[in-house]
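# next comes the sequence, and after it the predicted model I'd like to discuss.
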Amino acid sequence: MSFAQIPLEAKQQALAELSEVKRLFAGRGWFPGTSGNLSIRVGDFAPDEFHFAITASGKDKSLSTPEDFLFVDQAGKPSEPTKLKPSAETLIHCEIYKQTGCGAIFHVHTVFNNLASELFWERKSIPVDGVELIKAFNIWDEEAHIDIPVVSNFAHIPSIVPEVTERLNKRIPGIMLRKHGIYAWGANAFEAKRHLEAFEFLFEYVYRRELLKR
Ligand SMILES: CSCCC(=O)C(=O)COP(=O)(O)O
Ligand SMILES: [Zn+2]
């Protein structure tokens, strides 16, 4: 589906949803120092052609301006002429959409997600055992165990992508970049938000629990 074929109402709805999620997360202090990025896909999905709205790079995400978002394609290139620059991490969004066909991806940097990634870096995944909020990922097993993948962080974003491809686990709707931040996704903005909130709860839980054990 080309960008022009996507109904205007769908594009406007994606922008309105992104704006609302951005406002809400900013209120939680989840975009320190201009960090973080958000995207919502619009129109039909095919691995070789899709479009999504994403936050512009380097903006103060606690402010609301007419230049907060732009649309890009599956290669991370603007879908229409614009002077705005997409998030520096757009290629990670592109890869997650390609691998999962999801509808929204939210990325935040928090102290607890950074601490948890470093604490478990040697095992390359953050283990969580039997915590009720695992059910937010639609995993309903009694005393479920999950491992949240942690991948290397590089200043050169394209170098991060192959490890995301390799480690992404479709059962777990998130991937953690070491000492950087979590990418959480879902079928739509509601689900991606639920997943992100659950990850953040679990990161704080595992970190604090580890301290209690020592
Ligand atoms: C100042 S945070 C460093 C970049 C980053 O990790 C991030 O999430 C924000 O980058 P963007 O280009 O999306 O503003
Ligand atoms: Zn980031």
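Cool, the structure landed. Ligands and ions are numbered 1, 2, ... in the order given.

# ok, the biggest strand by length in the chain: who's next to it in the sheet?
Among the elements of the chain assigned as strand by DSSP state E, the one spanning the most residues is strand 37-46. As defined by DSSP bridges, the strand partners of strand 37-46 come to strand 49-55 (antiparallel), strand 104-108 (antiparallel).

# show residues contacting the longest helix along the chain.
Counting residues, the longest helix found in the chain (DSSP state H) is helix 189-213. Residues from elsewhere that reach helix 189-213 (C-beta atoms under 8 Å, 6 or more residues apart in numbering): 17-18, 21, 40, 102-106, 108, 110, 112-113, 115-116, 119-120, 126-128, 131, 133-134, 136-137, 148, 173-174, 182, 184-186. For every residue, glycine as well, the C-beta is placed using N, CA and C.

# in helices, which of those residues fall?
17-18, 21, 112-113, 115-116, 119.

# scan the residues you listed and report the most crowded one.
Within the ones in helices among the contacts of helix 189-213, most neighbours by other C-beta atoms under 10 Å means N113, with 29 neighbours.

# one step back: got the strands paired with strand 37-46 as CSV, with mean neighbour count columns?
CSV is the format used below for the strands paired with strand 37-46 (neighbours: other C-beta atoms under 10 Å):
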stretch, mean neighbour count
strand 49-55, 24
strand 104-108, 27
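
# output the set of residues of the chain in proximity to ligand 1.
Residues of the chain found near ligand 1 (C-beta under 6 Å from any ligand atom) are 33-37, 55, 57-58, 87-89, 107.

# now, of these, which are buried?
Neighbour counting with 16 or more other C-beta atoms under 10 Å marks 36-37, 55, 87, 89, 107 as buried within these.

# from these, pick the one nearest I157.
Nearest to I157 among these is E89, at 5.7 Å by C-beta to C-beta.

# that closest one touches N37, doesn't it?
Yes - counting by C-beta atoms under 8 Å, E89 touches N37, with 5.6 Å between them.

# got any residues that touch both of those two?
What both E89 and N37 touch, as defined by C-beta under 8 Å, 6+ apart, is the set H107.

# tell me which element K83 falls in.
Under DSSP states H and E, no helix or strand contains K83.

# now swap in F71 and tell me
strand 69-73.

# quick one: buried residues of that strand?
Residues 69-73 are the ones in strand 69-73 that count as buried (16+ other C-beta under 10 Å).

# adding pLDDT, write these out as TSV.
Output for the buried residues of strand 69-73, formatted as TSV (pLDDT from 0 to 100):
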residue	pLDDT
F69	98
L70	98
F71	98
V72	99
D73	98
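
# could you save the residues of the chain next to ligand 1 as TSV and add columns showing pLDDT and distance to Y97?
Listed next are these as TSV, based on pLDDT from 0 to 100; distance: C-beta to C-beta, whole Å:
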residue	pLDDT	distance to Y97
G33	98	26
T34	98	23
S35	98	21
G36	98	18
N37	98	13
T55	99	15
S57	98	18
G58	98	22
S87	98	13
A88	98	17
E89	98	13
H107	99	13
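
# which single one of these is nearest to P7?
T55 (22.1 Å).

# hey, what's the closest one bridged with?
Applying DSSP bridges, one finds that T55 bridges with F69.

# enumerate every residue touching it.
Contacts of T55 by C-beta under 8 Å, 6+ apart are 18, 22, 36-39, 61, 68-69, 87.
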